[in-house]
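# Below are the sequence and a predicted model; questions follow.
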Amino acid sequence: MDLISKFHFTKREKIFIILFIMALLFGISQYISSKQEDPPPFRDQAKDASNAISSKTESEKTNSEEIVVDVKGAVMKPGIYHLKNNARLQDVLELAGGTLPTADLNQVNLALKLKDEMVVYIPVKGEEVGTKIISQTAGSGITTNPSNQTSSKININTADEAQLMELDGIGATRAKAIIEYRQQNGPFQKIEDLMNVSGIGEKTFEKLKEKISVH
């Protein structure tokens, strides 16, 4: 005898109880089925949060990367400068103390975005440097003034301290003196003007005159 027959129910009540039990079982089966098919919502939320954090980390990493740029030519302080990624040419020129009065900025794009290991060369007025004002070395060494690439002479108007020290009789002190003279008085008009620099006399000039130029 089944459970329902143990109790004294009317026929109508028995039918109602059976329908209720069937509906309850159906609801339970649907609930279990939906739980198995649909992944828990928190997993999607966790995944979205993880992707957002990863994206933010990559963005911060890109923005925080440092680049190193070598600045040469008609600037107040030639040398190596460290900048944030996405820096522009104007930014590194400000770090270099600005350009000399003789700098020819018509040949330079101040809005140019800089890259790591880039060599920046600022020409003086009247100097023709073609397309090699700015170049990226990519480990191939230093890109020098194009006018020096076709000649063994060093341009005393644009050479930095290291290049000047390659000349016989020019050490760090005299190289700095040449750059300071250039900054205060503008470019040398002729190679003989080098003797106006403190510490460089006629004897030293005679050793240098075949190895230097002003253009």
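On my side now, so go ahead.
# rest of the way, CA atoms for contacts and neighbours
Will do.
# what does the domain assignment say about this structure?
Following the assignment in automatic domain parsing, the chain carries domains at 3-63, 64-147, 151-215.
# Would you mind reformatting those domains (as TSV) and adding columns for mean pLDDT and mean neighbour count while you're at it?
Putting the domains of the chain into TSV (pLDDT from 0 to 100; neighbours: other CA atoms under 10 Å) gives the following:
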stretch	mean pLDDT	mean neighbour count
domain 3-63	68	11
domain 64-147	78	18
domain 151-215	88	17
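# In the chain, which strand is the longest?
If you go by DSSP state E, the chain has its longest strand at strand 66-73.
# Grab the most central residue of this structure for me.
In the chain, the C-alpha nearest the mean C-alpha coordinate belongs to residue 85, at 2.7 Å (CA atoms, centre = their mean).
# Surely it touches residue 65?
Yes - under the criterion of CA atoms under 8 Å, residue 85 makes contact with residue 65 at 5.4 Å.
# Report the distance from the helix or strand in which residue 24 is found to the chain centre.
With elements delineated by DSSP states H and E, residue 24 resides in helix 11-37, which encompasses its position. Using CA atoms, centre = their mean, to the nearest Å, the distance from the centre of helix 11-37 to the centre of the chain it belongs to is 66 Å.
# all strands for this protein, in order.
For the chain, strands defined by DSSP E occupy the ranges 66-73, 79-84, 118-122, 134-136, 154-155, 212-213.
# From residue 195, how far out is residue 181?
For residue 181, the distance to residue 195 equals 11 Å [CA to CA, to the nearest Å].
# cool, residue 113 as well?
Taken as CA to CA, the spacing of residue 113 relative to residue 195 amounts to 40 Å.
# do residue 97 as well
Using CA to CA, we find residue 97 at a distance of 26 Å from residue 195.
# Next: residue 209.
Residue 209 sits 11 Å away from residue 195 when distances are taken as CA to CA.
# How about residue 78?
Where residue 195 is concerned, residue 78 sits at a distance of 22 Å (CA to CA).
# try residue 121
Residue 121 sits 26 Å away from residue 195, going by CA to CA.
# And residue 99, by the same measure?
Here residue 99 is placed at a distance of 24 Å from residue 195 (CA to CA).
# just residue 158 next, same as before
Going from residue 158 to residue 195 by CA to CA gives 17 Å.
# got it, and residue 125?
Relative to residue 195, residue 125 is positioned 23 Å away (CA to CA).
# How about residue 10?
As defined by CA to CA, residue 10 lies at a distance of 128 Å from residue 195.
# Okay, helices next: where are they in the protein?
If you assign secondary structure with DSSP state H, the helices in the chain sit at 3-6, 11-37, 41-64, 89-95, 146-149, 161-164, 172-185, 202-208.
# list the helices and strands the last one packs on?
Just to be clear, that refers to helix 202-208. Under the contact criterion of 3 or more CA pairs under 8 Å, 6 or more residues apart in numbering; DSSP states H and E, helix 202-208 touches no helix or strand at all.
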